[in-house]
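Participant: sequence first, then the predicted structure:
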Number of protein chains: 2
Amino acid sequence: MKHRPANVLLPEGFSFSALSAGIKVSGRPDLALIQCAPHTRAASLFTKNRVVAAPVSIGRSSLKISRGTVRAVIVNSGNANCATGQEGLNACQRVCQETARILDIAAHTVFPSSTGIIGVPLPVEKIVAKLPALASGSQSSKAGVRRFADAILTTDTRPKTASASFNAQRGEVKVLGIAKGSGMIHPQLATMLVYLFTDIQGAPGELHRILADVCDDTFNCISVDGDTSTNDTVLLLASACSGIKLNDAATRQRFRKAVFEVCRSLAKQVVSDGEGIQHVIRLQVEGGRNREEARRIAKSIAHSSLVKTAWAGSDPNWGRILAAIGNSGVALDPGHVNIFIGDQQVCRAGQSHPFNEKRAHKHLLQARCEVRVALGRGSSRLVFVTTDLTADYVRINADYST
Amino acid sequence: MKHRPANVLLPEGFSFSALSAGIKVSGRPDLALIQCAPHTRAASLFTKNRVVAAPVSIGRSSLKISRGTVRAVIVNSGNANCATGQEGLNACQRVCQETARILDIAAHTVFPSSTGIIGVPLPVEKIVAKLPALASGSQSSKAGVRRFADAILTTDTRPKTASASFNAQRGEVKVLGIAKGSGMIHPQLATMLVYLFTDIQGAPGELHRILADVCDDTFNCISVDGDTSTNDTVLLLASACSGIKLNDAATRQRFRKAVFEVCRSLAKQVVSDGEGIQHVIRLQVEGGRNREEARRIAKSIAHSSLVKTAWAGSDPNWGRILAAIGNSGVALDPGHVNIFIGDQQVCRAGQSHPFNEKRAHKHLLQARCEVRVALGRGSSRLVFVTTDLTADYVRINADYST
């Protein structure tokens, strides 16, 4: 299997377009469209936040009606269409219906996404006015992918794509992923906006099982700021254009691996582009009784302001990590906890362990750092990717002018 | 009842002393002692963090052995004596034993506290060397209280005391409280170091019920940074010196009210001295099905980096508050949520409600701001006091030099 994070592989059956509809004050591209081949089937995961944006509600219900068939995806950035009530639902439906009319497809096969500020009415007329130009500008090319990836960004500083492929008996299967996300990153089962494309042929249920499994190991193991978004969506689209079916164990396994590589790369790209961050921390939690408790402890560490600010200062203050473990709600014995920073043990059996502080500090000065926590309770293990908390994060999110 | 936050009332039966033992690098006072009259009974609450400092373990077990009798409290700042293993327990015991020997009392009637950095061995010889001078310098005076209140501080910028009194049939009962705390403030049943003094006569069980009840409404309703300390302790000491007994409903009620006023004042002082803060937010959550769900929602809002940074920018971005409510884990209907900033409604039924943004911004520019959330689920109500998250908080906690 080839994993190509930088390179864009284009699965057959998809075309892309994007333009500026004037939703973003900056005038940057903010409206994007994906068109899919007739037999495209989808699997999806959504935010676990109880506050759910209009496009998430509509998209979820459309997928039910269409039994997983998706012919187009219409995305706007700059406005989340969340906390906008019945008007927001109407606006989203209007955008889907207009898109369907122009493309001559059924309205419930148009999947909507929105990302941006919460609580502001969606400028639906601006969007509708641009749909004809958007539809006609569609390209099945790498340039089209790049334009799409750019138009869905908000506070992100760079577009995020990843590709993988594998050879099946009857040919090659390609997987392409495009994501946006930088703040409000603390996924619960799904996260941010992530679009995954493949030319394999699979039933929605089968695709869903693989997607849920992969997301559990990738997007559900990252955190920037501990806030779960209201618009998180991961959508996997399978065009069937390769003619290769997802119907034997070997193909399923290779496909899962390709999807995993793409999702892992996108998850890392999202964290690395986290708002204001200076350090990406690869946090390994091992020795848990089960995966859920390992994740709970990882999230408690990744959510601690004191741990994250220590990382911002490249401070090997393991006491804050231990205190965050103690706060996780897992009834563990701190006397069995070991903590490692880089290649050095800094805490043994819940106590200070002699280490070279200068070397630990030097390790934490790097852009990518390793922190390992061994719980001594079992054999479950998890890799969680998170960030420091910097004064820049505060500035980005406190920036407000009347 | 008189509530005197600035004024110090001195209940009979306690004397105070403090000095510098060289634990803090700054040379500031870091060792403090309370001596209590022979019949003093205590009630206590401790941190819910699974990682527990040595003095918390020793103090808890000593109170059991002595059946709630406390004759002295020995406190050091600059070192938490946490994650220090058996050596830390030995060090703590040594300090208690030496204190007991010098004061000629039983070792298990000496209650220990430590606050400061986690994971560094307690400099026990430095402490023991200073105990004779500490014991002889004891004063039953306001100057003694001030010196004690000053010596227990760490990152705090000011000492925290509060007093109240009430008249019972046979005379006046006084309540005095002294606290420290500025960061790692996110209490779970107990918080920080808080010492409460009274001259009433009460059994430990009776005192405990009142203390737990009051803490639930005060220290358990504040948060600075969402991190629960490993050393949190609230200790209520009743000297019995007033001769007034806690044995009828009227006295209990008045006593509870006096303790409540003192704790509420100290809780507010702790939040107002939060690390790097610019704004104190009085967050009122109402319409909960029960108090626990109201508290869960308040904590979710108070723990959201995006909400806290918006407050730092005086940004009336209610969408982030709504998203934090949706993330609380309470299965509520966002369509019933109303949000108010200052005197204006900003969100009605989970949606945008027209408001004067300039006025809301102006309200949030104040040092003390009001945010109210109505859940529309029941009649439970809670006032939670929290803070913004500023670049200064990050600087204070990221400051590290090898």
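Facilitator: Happy to help now that I have it. Model, not experiment: these values are computed from the prediction.
Participant: switch to C-alpha atoms for all contacts and neighbour counts from now on
Facilitator: Noted.
Participant: for chain A, what spans make up the helices?
Facilitator: Taking DSSP state H to define them, one finds helices in chain A at A:54-65, A:85-103, A:124-136, A:142-151, A:204-217, A:249-272, A:291-302, A:305-312, A:318-326, A:357-365, A:391-398.
Participant: reformat these as a markdown table; add distance to residue A:41, mean pLDDT and mean neighbour count.
Facilitator: Written out in a markdown table, the entries for the helices of chain A read as follows (distance: least, Cα to Cα, whole Å; pLDDT from 0 to 100; neighbours: other Cα atoms under 10 Å in any protein chain shown):
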| stretch | distance to residue A:41 | mean pLDDT | mean neighbour count |
| --- | --- | --- | --- |
| helix A:54-65 | 10 | 94 | 20 |
| helix A:85-103 | 17 | 96 | 19 |
| helix A:124-136 | 21 | 97 | 16 |
| helix A:142-151 | 20 | 94 | 21 |
| helix A:204-217 | 6 | 88 | 18 |
| helix A:249-272 | 15 | 88 | 22 |
| helix A:291-302 | 31 | 91 | 22 |
| helix A:305-312 | 41 | 90 | 27 |
| helix A:318-326 | 42 | 89 | 25 |
| helix A:357-365 | 44 | 95 | 18 |
| helix A:391-398 | 38 | 85 | 20 |
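Participant: redo the ones you listed as CSV? Include distance to chain B.
Facilitator: What follows is those, written out as CSV (distance: least, Cα to the nearest Cα, whole Å):
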stretch, distance to chain B
helix A:54-65, 12
helix A:85-103, 6
helix A:124-136, 16
helix A:142-151, 23
helix A:204-217, 18
helix A:249-272, 16
helix A:291-302, 10
helix A:305-312, 5
helix A:318-326, 4
helix A:357-365, 6
helix A:391-398, 4
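Participant: okay if I get those as JSON lines plus distance to residue A:47?
Facilitator: Conversion of the helices of chain A to JSON lines gives the following (distance: least, Cα to Cα, whole Å):
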{"stretch": "helix A:54-65", "distance to residue A:47": "8"}
{"stretch": "helix A:85-103", "distance to residue A:47": "17"}
{"stretch": "helix A:124-136", "distance to residue A:47": "23"}
{"stretch": "helix A:142-151", "distance to residue A:47": "21"}
{"stretch": "helix A:204-217", "distance to residue A:47": "12"}
{"stretch": "helix A:249-272", "distance to residue A:47": "16"}
{"stretch": "helix A:291-302", "distance to residue A:47": "17"}
{"stretch": "helix A:305-312", "distance to residue A:47": "23"}
{"stretch": "helix A:318-326", "distance to residue A:47": "25"}
{"stretch": "helix A:357-365", "distance to residue A:47": "32"}
{"stretch": "helix A:391-398", "distance to residue A:47": "21"}
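Participant: closest one to residue B:106 among these?
Facilitator: Nearest to residue B:106 among those is helix A:318-326; the distance by Cα to Cα comes to 32.2 Å.
Participant: among the helices of chain A, which is nearest residue B:205?
Facilitator: Nearest of those to residue B:205, taken as Cα to Cα: helix A:318-326 at 28.0 Å.
Participant: looking at the helices of chain A, which is nearest to residue A:13?
Facilitator: helix A:142-151 (12.9 Å).
Participant: just checking, what packs against the closest one?
Facilitator: Contact analysis of helix A:142-151 by 3 or more Cα pairs under 8 Å, 6 or more residues apart in numbering or on different chains; DSSP states H and E lists strand A:14-19, strand A:31-36, strand A:171-180 as its packing neighbours.
Participant: orientation of that helix relative to strand A:171-180 in degrees?
Facilitator: 30 degrees (axes from the mean of the first three to the mean of the last three Cα atoms, to 10 degrees).
Participant: angle of helix A:142-151 against strand A:14-19?
Facilitator: Using the same axes, to 10 degrees: helix A:142-151 against strand A:14-19 is 50 degrees.
Participant: can I get the CA coordinates of helix A:142-151 in PDB?
Facilitator: This file holds the C-alpha atoms of helix A:142-151, laid out as PDB (Å, rounded to 0.1, in the frame of the first residue of the first chain):
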ATOM      1  CA  LYS A 142      -6.000  18.000  -8.900                       C
ATOM      2  CA  ALA A 143      -6.500  21.700  -9.400                       C
ATOM      3  CA  GLY A 144     -10.200  21.200  -8.600                       C
ATOM      4  CA  VAL A 145      -9.200  19.300  -5.400                       C
ATOM      5  CA  ARG A 146      -6.900  22.100  -4.300                       C
ATOM      6  CA  ARG A 147      -9.500  24.800  -4.900                       C
ATOM      7  CA  PHE A 148     -12.100  22.700  -2.900                       C
ATOM      8  CA  ALA A 149      -9.600  22.100   0.000                       C
ATOM      9  CA  ASP A 150      -8.900  25.800   0.100                       C
ATOM     10  CA  ALA A 151     -12.500  27.000   0.100                       C
END
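Participant: figure out how far that helix is from the centre of its chain.
Facilitator: A distance of 17 Å separates the C-alpha centroid of helix A:142-151 from that of its chain, computed with Cα atoms, centre = their mean, to the nearest Å.
Participant: what's it in contact with?
Facilitator: Helix A:142-151 is contacted by residues A:8-10, A:15-20, A:28-33, A:76-77, A:138, A:158-161, A:178-180 when judged by Cα atoms under 8 Å, 6 or more residues apart in numbering or on different chains.
Participant: ok, and which of these reach chain B?
Facilitator: Subset of the contacts of helix A:142-151 in contact with chain B: empty, counting by Cα under 8 Å from any Cα of the partner chain.
Participant: what mean pLDDT does stretch A:179-190 get?
Facilitator: Along stretch A:179-190, the predicted local confidence has a mean pLDDT of 62.
Participant: sorry, back to before: may I see the helices and strands packed on helix A:142-151 arranged in a markdown table, with distance to residue B:119 and mean neighbour count as well?
Facilitator: Written out in a markdown table, the entries for the helices and strands packed on helix A:142-151 read as follows (distance: least, Cα to Cα, whole Å; neighbours: other Cα atoms under 10 Å in any protein chain shown):
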| stretch | distance to residue B:119 | mean neighbour count |
| --- | --- | --- |
| strand A:14-19 | 54 | 26 |
| strand A:31-36 | 52 | 26 |
| strand A:171-180 | 40 | 24 |
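Participant: quote the end-to-end distance of stretch A:48-58.
Facilitator: Taking Cα to Cα, to the nearest Å as the measure, stretch A:48-58 stretches 16 Å from start to finish.
Participant: any idea how far it is from the chain center?
Facilitator: Computed by Cα atoms, centre = their mean, the chain-centroid distance of stretch A:48-58 equals 16 Å.
Participant: what comes into contact with it?
Facilitator: Stretch A:48-58 is contacted by residues A:46, A:80-85, A:88-89, A:92-93, A:111-114, A:188-190, A:228-231, A:233, B:322-323, B:325-327, B:329, B:331-334 when judged by Cα under 8 Å, 6+ apart.
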